[in-house]
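Trainee: Just the structure for this:
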Amino acid sequence: MAPFGETVLAWRLARGLRQADLASMAKVSRPNLSAIERGDREVTLRTLRALALALEVRPGVLADGETPGAAAPPLGRASMERIAIAAVRGQGALDERERRLAAELRGATTSKRQATSKRGRRRADRSYFALRTAAPPEVVASLVDRVGVEMARG
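Mentor: Below is the predicted model of the structure:
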């Protein structure tokens, strides 16, 4: 269960929306949405419903802190191997979930090492956040380990 603001952020990222897009769809100002995602602002029932409608989830999903990956089926060993290979080499992931996880894993691991700017570190942090809200912690840890092994293979 994630805090409300992190839950909204996770669903926004999972839907591929920019803050301005979600704010417009939910009829909330962008600075207000930013404060909600940071956990700096409480929401009214009306705002909760508007955000849920815009994100195409039930209001209870947001209120209960259910992230996009919470109900996803577990990943098998072969799937995690494909995701790690795709993150390092850009090949191997088969379905949409695997492709999305590979992209976030690539962003979290590659950007973190190469991040010399504040923007690069922020991008890596955002990818890692999206990754950890899309999969359980033990899966994320396993995927990061597998990327390390795959990179060592060259």
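
Trainee: wait, what's in contact with the closest residue to residue 109 other than its chain neighbours?
Mentor: Nearest residue to residue 109, sequence neighbours excluded (Cβ to Cβ, 6 or more residues apart in numbering): residue 147, at 5.2 Å. In short, each C-beta sits where N, CA and C put it, glycine included. With contact taken as Cβ atoms under 8 Å, 6 or more residues apart in numbering, residue 147 is in contact with 84, 87-88, 105, 109.

Trainee: now residue 30, nearest residue through space, not along the chain?
Mentor: Using Cβ to Cβ, 6+ apart and skipping the chain neighbours, the partner closest in space to residue 30 is residue 23 (4.3 Å).

Trainee: Now do the buried residues in the helix or strand where the one you found lies.
Mentor: Here residue 23, judged by DSSP states H and E, is contained in helix 19-26. In terms of neighbour count (16 or more other Cβ atoms under 10 Å), helix 19-26 has its buried residues at 22-23, 25-26.

Trainee: List just the nearest of the residues you listed to residue 127.
Mentor: The closest of the buried residues of helix 19-26 to residue 127 turns out to be residue 22 (Cβ to Cβ; 18.7 Å).
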